[in-house]
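Chemist: Provided below are the primary sequence and the corresponding predicted coordinates.
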Amino acid sequence: MITILCGGFFGDEGKGKVAGYLGLRGGYRASIRTGSVNAGHTLAHGGMVWRLRLVPSAFINKDVKLYIARGSLIRIDVLLKEIEETGVRERICVDRYSGVIEKRHIEIEASDNTLRSIGSTFQGVGAAMAERVLRRLKLAWGFKELEDLLCDSTTEILEMIERGEKILAEGTQGLFLSLYHGTYPYVTSRDVSAAGILSEIGAGPKHVDHVIVVFKSFVTRVGEGPLEGEISSEEAEKLGIMERGTVTGRLRRAAPFNIELARRAARINSATQIAITKLDALYREARGVREWEKLPREARKFIEDLEDSIGVPITLIGTGEDVEDMIDLRREKL
Ligand code: IMP
Ligand code: MG
């Protein structure tokens, strides 16, 4: 069965870290990445840090097979570089029907005023997606340099599910950047909801047993668009919640945790579990804590209040950069 991991705010909730942790401790046979190179997933493990735009974050477990989904859009240079950096060539495959972003797409976007006004990452993703919709985009099977990486990921994933194996689907961005469910027009060029992630893989709702929606302990947003309760960058700096984008290096705008958005994201994604990251940014003494009982009392109360108001079990709590800085309550709560 599939576990879907998706973002609940505006991306950058820490999906890479959670996916890395689940890769190590979730018993998954394979992990499949949807989305594209505009999304950067950061994960740190054992003193190393990776910023991945295509390779699934669960790669840190050498027993996990890796896939890039049919609905995703790749860039060949980015893919080959990441395969090199992560050493996964022997266990990754790219769906034959995934789309390929070329230099042309980046050039088209560079002069697009609408994209400028929404604060695009200008990675060519939207331009390539538009060509795909127009049936003009070249897919992975059309490129000689990808030949030995190609597979039919949909069939392989469905066969694993039929054998009773567990699959981790790593989505990108967050619900409020979804083309359909986000703050249009300040959104990305695909549906990044749990349903959109499934559609990109080629699996159905009945192949899913868990949907984990990831929220950070505060909200951030890069680029333009509404951000309720936004605080100044000086204030964010003072609170220790100042961040920069993984792909673009831009400063992230920040706001306190937003319960209303969280409830909506949990509902639309049909969340069965919630992961909260960066609890240590709000409660310094939570840093590196890996057991619930060892959290400071106010931090526990913060989590319990969130769980009450969202109405979905909070099973994973991030307390530091390393993927293993995690409080794992799955056994107690599920
Ligand atoms: P685009 O998808 O690169 O055109 O960007 C559209 C909007 O989505 C902009 O506001 C971007 O900042 C935002 N965006 C796209 N990908 C990400 C991401 O991975 N994290 C955070 N924001 C993103
Ligand atoms: Mg990111």
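Modeler: Noted; the coordinates are in hand. Ligands and ions are numbered 1, 2, ... in the order given.

Chemist: if I look at residue 194, how far off is residue 212?
Modeler: 9 Å (CB to CB, to the nearest Å). Every C-beta, even on glycine, is put in place using the N, C-alpha and C of the backbone.

Chemist: same check, this time on residue 158
Modeler: 21 Å.

Chemist: so between the two, which is more surrounded?
Modeler: residue 212 (28 against 17; other CB atoms under 10 Å).

Chemist: which parts of the stretch 51-200 of the chain are helices?
Modeler: 76-86, 103-110, 113-118, 125-133, 153-162, 194-201 (DSSP state H, counting those that start in this stretch).

Chemist: kindly state the pLDDT recorded for residue 187?
Modeler: Per-residue pLDDT puts residue 187 at 98.

Chemist: next one: residue 334
Modeler: So, for residue 334, pLDDT stands at 89.

Chemist: shouldn't it be in contact with residue 313?
Modeler: Yes: counting by CB atoms under 8 Å, residue 334 does reach residue 313; the two are 7.0 Å apart.

Chemist: neighbour count winner among those two?
Modeler: residue 313 (16 against 10).

Chemist: what's the nearest residue to residue 283 if we skip its chain neighbours?
Modeler: residue 299 (4.0 Å; CB to CB, 6 or more residues apart in numbering).

Chemist: I should have written residue 68 there, sorry.
Modeler: residue 94 (4.5 Å).

Chemist: number of nearby residues for the one you found?
Modeler: Around residue 94 there are 27 other residues, counting by other CB under 10 Å.

Chemist: that one: what's it in contact with?
Modeler: 67, 68, 74, 79, 140, 146, 149, 150, 151, 153 (CB atoms under 8 Å, 6 or more residues apart in numbering).

Chemist: first to last residue in stretch 168-176, what's the distance?
Modeler: 22 Å (CA to CA, to the nearest Å).

Chemist: same check on stretch 205-219?
Modeler: End-to-end distance (CA to CA), stretch 205-219: 29 Å.

Chemist: same thing with stretch 274-290?
Modeler: So stretch 274-290: terminal residues 17 Å apart, CA to CA.

Chemist: are it and ligand 1 in contact anywhere?
Modeler: No: using CB under 6 Å from any ligand atom, stretch 274-290 never reaches ligand 1; the gap is at least 13.9 Å.

Chemist: I figured residue 102 hits residue 138, correct?
Modeler: Yes: with contact defined as CB under 8 Å, residue 102 reaches residue 138; the gap is 7.4 Å.

Chemist: okay, these two: which has more neighbours?
Modeler: residue 102 (18 against 14).

Chemist: which residues does that one contact?
Modeler: With CB under 8 Å, 6+ apart, residue 102 has these contacts: 124, 128, 138.

Chemist: touching both of residue 334 and residue 313, which residues are there?
Modeler: With CB under 8 Å, 6+ apart as the test, residue 334 and residue 313 both reach residue 273.

Chemist: ok, the closest residue to residue 158 other than its chain neighbours - contacts?
Modeler: In this structure, residue 158 finds its nearest non-sequential neighbour in residue 203, 6.7 Å apart by CB to CB, 6+ apart. Contacts for residue 203 (CB under 8 Å, 6+ apart) come out as 2, 154, 157, 158, 161.

Chemist: just say which of the helices of the stretch 51-200 of the chain is most tucked in.
Modeler: helix 194-201 (a mean of 24; mean count of other CB atoms under 10 Å).

Chemist: what sits up against the helix or strand bottoming out on mean pLDDT in the chain?
Modeler: Least confident element among the helices and strands of the chain, by mean pLDDT, DSSP states H and E: helix 233-239 (a mean of 91). By CB under 8 Å, 6+ apart, the surrounding residues in contact with helix 233-239 are 231, 242, 251, 253, 254, 281.

Chemist: one more pass at 10 Å, please.
Modeler: Helix 233-239 has contacts (CB atoms under 10 Å, 6 or more residues apart in numbering) with 218, 220, 230-232, 241-243, 251-256, 281-282.

Chemist: could you pull up phi and psi at residue 286?
Modeler: phi -80, psi -10 (degrees, to the nearest 10).

Chemist: please read the previous query as pertaining to residue 211.
Modeler: phi -120, psi 110.

Chemist: re earlier: quick one: which of the helices of the stretch 51-200 of the chain is nearest residue 181?
Modeler: Comparing these against residue 181 with CB to CB, the closest turns out to be helix 194-201 (8.7 Å).

Chemist: would the closest one count as contacting ligand 1?
Modeler: No: contact of helix 194-201 with ligand 1 (CB under 6 Å from any ligand atom) is absent, the minimum separation being 13.6 Å.

Chemist: that helix vs helix 153-162, what angle?
Modeler: 110 degrees (axes from the mean of the first three to the mean of the last three CA atoms, to 10 degrees).

Chemist: same for helix 194-201, what does it pack against?
Modeler: Packing contacts for helix 194-201, counted by 3 or more CB pairs under 10 Å, 6 or more residues apart in numbering; DSSP states H and E, involve strand 2-7, strand 30-33, helix 153-162, strand 167-170, strand 208-216, helix 259-268.

Chemist: now render those as a markdown table, adding mean pLDDT and distance to ligand 2.
Modeler: Conversion of these to a markdown table gives the following (pLDDT from 0 to 100; distance: least, CB to the ion, whole Å):
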| stretch | mean pLDDT | distance to ligand 2 |
| --- | --- | --- |
| strand 2-7 | 98 | 9 |
| strand 30-33 | 98 | 13 |
| helix 153-162 | 98 | 23 |
| strand 167-170 | 98 | 12 |
| strand 208-216 | 98 | 11 |
| helix 259-268 | 98 | 16 |
